[in-house]
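>>> Quick one, structure for this:
(chains A and B)
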Amino acid sequence: MKKYLVTFIMVCLFTSCSDDDKYERLNQDPKNPTEASEEFLFTSATVSLGDFMASPNVNINVFRFISQYLTATTYVDEPNYDLTNRNIPKSQWSEIYRDVLLDLDDAKAYIDENSDLSQGQKDARLGQIEVLQVYAWQVLVDTFADIPYTEALQAETITLPAYDDAGTIYISLIERLQDARTLLSSGQGFAGADVIFGGDMSKWSKFSNSLQLRLAMRISDSNSSLSKSAAEDAASNGVFTGNQDNAAIVYQSSPPNTNPLWEDLVQSGRSDYVAANTLVDIMNGLEDPRRMYYFDENLGAGVYEGGIYGSQNPYSSSTHMGESFLDPTHPGILMDFAEVSFHLATATSTDLSYAVFGDALTHYENGVTASMNYAGIDDQVAIDDYLSRPDVSYDSANSNALIGTQFWIAMFDNPLEGWSVWRKYDEPTLNLPGSTGNPVPLRYTYPINEQNLNEVNYNAASQAIGGDSQQTRLFWDVN
Amino acid sequence: MKQNVNWIFLFLFALISHVGFAQSQEVTGTVVDDSGLPLPGVNVIEDGTSNGTQTNFDGNFSIKVGQEAVLVFSYLGMKEQRVTVGSQSSIQIVLKNDTGQLDEVVVTALGIKREKKSLGYATQELDGNEVSDVATQNFTNALSGKVAGLQVKSSGTMGGSTNVVIRGNASLTGSNQALFVVDGTPIINQNSNTGGQRSGQGGYDYGNAASDINPDDIKSINVLRGAAASALYGERAANGVIIIETKKGSKNKGLGVSIRSSVMFSNADKSTLPKYQQKYGAGYGPYYQSEDGYFNLYDVNGDGVLDETTPFTEDASFGAAFDPDRMIYQWNSIYPGLDTYQQASPWVAAENTPNDIWETGYTMINSVSLDGGTDKSTYRVGFTNLDQEGSLPNSSIKRNNIKFSGSHDLSEKLRVGSNVNFIKTDGKGRYGTGYDDLNVMQSARQWNQTNVDLFEQRDAYFQTGRNITWNPNGPENLTPIYFDNPYFTRYENFQTDTRNRYFGNINLNYEINDVFSVLGRFTFDTYSELQEERKNVGSVGVSRYSRFDNRVAEYNYDLILNFNKDLNDDLNIDGNIGFNLRRNEQTFIRASTNGGLNAAGFYALSNSKDPLQPPLEYEADQMVDGLFARGSLGYKDTYYLEATIRRDRSSTLPKADNTYFYPSISTSVLLSNIIKKDWLSFAKFRANYAQVGSATDPYDVFNTYVISTPFNGQGIASLNSTLNNLELKSETSKSYEVGLEASFLDDRLNLDFSYYRTRTEDQITPVPVSNATGYTRKLLNAGEIENKGIEVLLGVTPLELDAFSWNVNVNWSRNRNKVISLTDGIDNLQLASLQGGISINAAPGEPYGTIRGTDYVYDDSGRKTVNSSGYYETTSSNNEIIGNIQPDWNAGITNTFTYKNFRFSFLIDIQEGGDIFSLDTWYGFATGVYDRTAGINDLGNEMRAPLTGGADSGGIILPGVNADGSQNQTRVPFDTYANPYGYARDANKGHVYDASYIKLRELNLTYSFGDKVLEKLPFNGASLSIIGRNLWIIDKNMPYSDPEAGLSSGNVQGYQSGAYPAMQQYGVNLKFNF
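Next up, the predicted model:
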């Protein structure tokens, strides 16, 4: 009897003592790699950032509404600044941290370990990553104010990251860009994997400096000394000098690599978006030639009528977005020469008088001209006519209103910047949305899940910024 | 599959070749029950002597006796049988069941037959007829209301999945589904629905795989509710086990033939469909181009004058009041090719509403089976054909089952047995689900123009074959904007699927001696399925063809040593030691066209407009090996003690920590052997404590990257959004249970009571983390859930006369579920974030499945407050708890009346409590679809009439209080979508409904032909039944919908979006035996 038992147990033990390593191998996914390359991660993060910035999707990015360039036809919750129904703050927050910043951090680790690269090549790649990361951090700060920064992106050790002061983050970001300048000049960076400049390192340097200029100008009211020095430093080291320098992603003609605008405007077959009367009325008032690029003439040649912002609008009787925006290959702008020109115009305006090259008038007219050229208007006569209009022509006594309005018009396809322009310049006057009359947000409220998942830090941050409300001003939005 | 086929041939060969064995002085034989299953532990005594033995695990015995001897075979629960030995050297005995229901033998874990009285845990048996009488595609639906502690919820679509949960949700994010075991073969029961389908974003419900089990083959079902009952099955049995024994042939029986034919018709239950308002037509309110603002203007008939046209794009009914004298150019006037082209029609409510899309469906089941046996073999072959036409146009499921089971004694000591099932299922036109235009109920319940006549839409589609929708962009752009013609959806954008499945086992039993026997068993369950989905050119959105090729397999290798010995007259020991190796394999590919289809109506990946994106590939193998032992002691047939222990090793855990042990112990005491009273027929006390360890799914340990479609040739890789964990360990569920079974007054009154508590600890959970970490979730051993509850079974026979009897069976169960903890710093685990701003959650201190969303703002007395405009104040956060999916209790009451050859029974199924959120009314009240949005107000005026401030005013006054505590007197308008009932102004809380119901679940009138009739017929037995199912919802609180309807099986419950109605079924069932 016993021998049966013993034999049986032996058989069982023998079978079950097969290799633990074999078991572990079974648990390694053959279809999803445990290793990736820095190139794959860098491209992925760049496209994620570009997609986010360009998307008009009401679940992802509603800056085109908030900046009042577009409004909705039937479903008007988002133009009325109901951002919680679709958890838009959460979408942006997780998209930028997860698909942009973390992948870029991860790419850095692969660069460090890559023995095929010279130190110069490594540095150049790290420089490119720095520029994109700073860009992404600034998108978060400009949307939310204080955010997790020093304790972010360390999930293995810190799952409850504390929030950092937005102004302090800005200081750090400017320093990082100044360091990146050296890195970018030390060798050849990502080339094929770089879907912005294709590895043109001089353009990366200009992008880095232009971004530094943007950061510097943003804090002109809150940290004037750093603003001045950083702006002057940026300008002297070379910023964008023309539209050929623009940082933009050139999209492909077939999904999923199209401009996200195309997905929502064309592919969806829906009719959700029309031009907002806020923008159309202002441009009509200025007889702005860019209307033929921004808008469709669906109401007849030269007829532009915006939908009432925040009210329900019949699609058929409102002006639609222009043809170019329906093209799947329409570029996704991260930063352009027009923006740089308006920053320089502000820096050289009599209000600030920073020691940067050129004068406010030239920069102002450069900005308008660049925007016109980008819109396909190369007729210098038409541009000059526009620039000489009394309501356009540069007047140093009225520089804030002029620069603010023209800057805002020019940022039509870079709507987060458009919203920031409005917050910074308080120009132009935006409408109250038709359905509710809610005030224009000055920031996003934090994602709802931060309240659940990071409650203590969330509460501290909310208190630090003066309350987690859409009407809490950002640190740089002081007057 | 080739390997399995070889096994089958080997077995068939073995059947044919007889293996002889030598005569001996001994008498040997086998004892089986009615169905031919061997009975272990039968006492075999030479009458009048003390010479005796017991049958072994396989029902075999051998005893030395003289030729004159009389052998007495006795077994508790069976009628004693006496046989004179004579010259026989081999005796086959069939013991018949004794009528007393408490001495029954039940099949427990690993197929071990046990006397029910010896079990220290709760089981409940059902006869196969209870699920097979009703011709249903998914037999699990037929369990509803019949088993205490078992919650069954079907999603409501044709062939859709059924959620089967025993004793509540024990796992936070893992499967909570009960394990099905057929003849010892664990059955794969996952649904292959997409994550999107399960969270309400659209897709099809392809059903749960257990629906492949053929109800006609089922002999009996035994539900093992607790973990003690199932510790030997390992981790998957933590949610309870449903053990199914199928019909088998019997030894020494001639060829028997059974034929069954049944048909059931089904119709939508009107009480679960919308009631449409018939006063107002299309629009969102008065802001269009016509003078009154309700219509757009367009010169439809080309006479140079602008005509009033329906606002075609508007998927709502807050438009102009109907007026038969008002002629409007509606959808049917703008499509060239229609007879009504360029013609206006009266502005009236549709005669045929979307509810008229429901047709009479049917399910036909025909089956034939042959069975029989020789002195050494048994066999049964069954074939069943199921043919279902759904109640929506162009929908069907066809299924063929072939089943073979047999056994053969290769020698005196060695028996081989096998069960093999082949099932082929073909589906077509399954119902689209969730928030998706392919779900025709989305428009019907949420976004509808009440002026659109469904049959006109139908005729327009059949006349032209085109997508002539009520919802085009406009007269100049006839492409659909949000919704297709529903008939176009059903006939052009249909899915198809096919699944070929094999499952079964082959087993060898070797009897070593009187005490020991060995069982070797290989079980397999393997299927491959193909799901194809289509969206034709011309539909809303992007045309598409996609296919999902899925192969799933599970193999189990069991080696079990059994022993059974009487240590002395009073003390019996039995038990087993075993080894199990389980291997699960799955591989699938999901591929889809990109950017649309080039040619219309042609569904192939090659017809993709843009270059194909890489398909999604998945491949996973998983192994678990387990060693287990069970020992049971019985003393004087009165005291029983059993213990089990199991050690598992799982490939899904980190190497260092992949092994885990778990024990169980149970006891039962037959009180009725101690306390002898006339009125007490039987009483048993039982108690047990059990642990079950569980591992996780593949790929939770190592981090991986997601590779996506390259961008302009550049590779794309991104870190996964869940951070995996190299330090995971197994999770544990710990439970105890006590129970009492008693029967009184000669079994006229039976009672079975259980109390249990289960705690599941260290759950392997993707815990949400601040997204600022760059991840959304991190896998941790975190979280604990408690389930405790009471189950009561009551059987009463109030009347028992010669020709008439009345029997009542009641089961009642209450489960209290509570999430004890998650992890530090996390006070909520979101299970699903759903459209409408709703989420389903697990939060410490709350029962699993809290529904969160926006709530009203209440004053100190709990009254709703209104703002200065008269609308309800709602919370700014959608993080408020507004409901919970868990019911308070469930009950089923079956009444059975028998009169001569007639048997009449009906089952009433009751659920009390549980909440459900309706996205249908959330949107539908805003779009003005339902009758509730067009009623009469407190002044006797139409609610939708304008506010005037006078006695003729429209609008309503919401019951509530102002900020100062005074009663609200402010009238709010009700003339647009932004009314106080719909999503624009209401709190989510207003659309959370009580899911209680009382249903007449089943009704069965059977006539069994008597012997006199049968004599004249070529049958041994015949019966005719009239069956009804879900005929009447006696009571419910949820309007317009079935509170049982949901999205899919799984953890996301309590949510309806485009819900399907309950189906009333009725039909007949004919059975013949030759």
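>>> Which secondary structure element is home to the residue nearest to B:Gly634 when sequence neighbours are not counted?
Distances taken as C-beta to C-beta, 6 or more residues apart in numbering or on different chains put B:Asn572 closest to B:Gly634, at 4.2 Å, once the chain neighbours are dropped. (Glycine included, C-beta is placed from N, CA and C.) Per DSSP states H and E, B:Asn572 falls inside strand B:571-592.
>>> Would you mark the buried spots in that strand?
By neighbour count with 16 or more other C-beta atoms under 10 Å in any protein chain shown, strand B:571-592 contains the buried residues B:572, B:574-588, B:591-592.
>>> what's the residue nearest to B:Gly634 in contact with, if anything?
By C-beta atoms under 8 Å, 6 or more residues apart in numbering or on different chains, B:Asn572 lies in contact with B:Asn564, B:Lys565, B:Asp566, B:Leu633, B:Gly634, B:Tyr635.
>>> any idea which of the residues you listed is closest to chain A?
For the contacts of B:Asn572, the closest approach to chain A (C-beta to the nearest C-beta) belongs to B:Lys565, at 9.7 Å.
>>> ok so B:Val257 is a strand residue?
Yes. The assignment for B:Val257 by DSSP: H, G, I helix; E, B strand; the rest coil puts it in a strand.
>>> Could I get the contacting residues of the closest residue to B:Thr108 other than its chain neighbours?
Distances taken as C-beta to C-beta, 6+ apart place B:Arg114 nearest to B:Thr108, at 5.1 Å, with adjacent residues excluded. B:Arg114 sits next to B:Val105, B:Val106, B:Val107, B:Thr108 when contact means C-beta under 8 Å, 6+ apart.
>>> so how many other residues sit close to the last one?
Just to be clear, that refers to B:Thr108. Neighbours of B:Thr108 under the rule other C-beta atoms under 10 Å in any protein chain shown: 22.
>>> wait, isn't B:Tyr977 in contact with B:Thr927?
Yes. Contact status for B:Tyr977 versus B:Thr927: in contact at 6.2 Å, counting by C-beta atoms under 8 Å.
>>> intersection of neighbour lists for these two?
What both B:Tyr977 and B:Thr927 touch, as defined by C-beta under 8 Å, 6+ apart, is the set B:Tyr284, B:Ala316, B:Phe318.
>>> Grab the nearest non-local neighbour of B:Ile402.
Among residues not flanking B:Ile402 along the chain, B:Phe422 sits closest, at 4.7 Å (C-beta to C-beta, 6+ apart).
>>> Any figure for the gap between the one you found and B:Thr526?
B:Phe422 sits 11 Å away from B:Thr526, going by C-beta to C-beta, to the nearest Å.
>>> so what sits against both of the two?
Common neighbours of B:Phe422 and B:Thr526 (C-beta under 8 Å, 6+ apart) are B:Arg501, B:Tyr502.
>>> ok, which residues in the stretch 701-850 of chain B are in contact with chain A?
B:701-709, B:711-721, B:723, B:768-776, B:778, B:825-828, B:830, B:833, B:837 (C-beta under 8 Å from any C-beta of the partner chain).
>>> Tell me which of those residues fall in strands.
Of the positions in those, B:705-709, B:711, B:714-719, B:723, B:768, B:778, B:830, B:833 sit in strands, assigned by DSSP state E.
>>> Can you get me a residue count around the one residue in the stretch 651-800 of chain B that gets nearest to chain A?
Relative to chain A, the nearest point of the stretch 651-800 of chain B is B:Gly774 (3.0 Å; C-beta to the nearest C-beta). Residues lying near B:Gly774 (other C-beta under 10 Å) number 26.
>>> who touches it in this structure?
A:Tyr97, A:Arg98, A:Leu101, A:Leu102, A:Asp105, A:Ala152, A:Leu153, A:Ala155, B:Leu719.
>>> what sits against B:Phe1074?
Contact analysis of B:Phe1074 by C-beta under 8 Å, 6+ apart lists B:Gly256, B:Val257, B:Ser258, B:Ile259, B:Pro1018, B:Phe1019, B:Asn1020.
>>> now do 6 Å
Residues in contact with B:Phe1074 (C-beta atoms under 6 Å, 6 or more residues apart in numbering or on different chains) are B:Val257.
>>> So it versus B:Leu597, what's the distance?
With distances taken as C-beta to C-beta, B:Phe1074 is found 54 Å from B:Leu597.
>>> Same question for B:Phe265.
Distance from B:Phe265 to B:Leu597, by C-beta to C-beta: 37 Å.
>>> Comparing these two, which residue is more hemmed in?
Under the criterion of other C-beta under 10 Å, the comparison of B:Phe265 against B:Leu597 puts B:Leu597 first, with 23 against 18.
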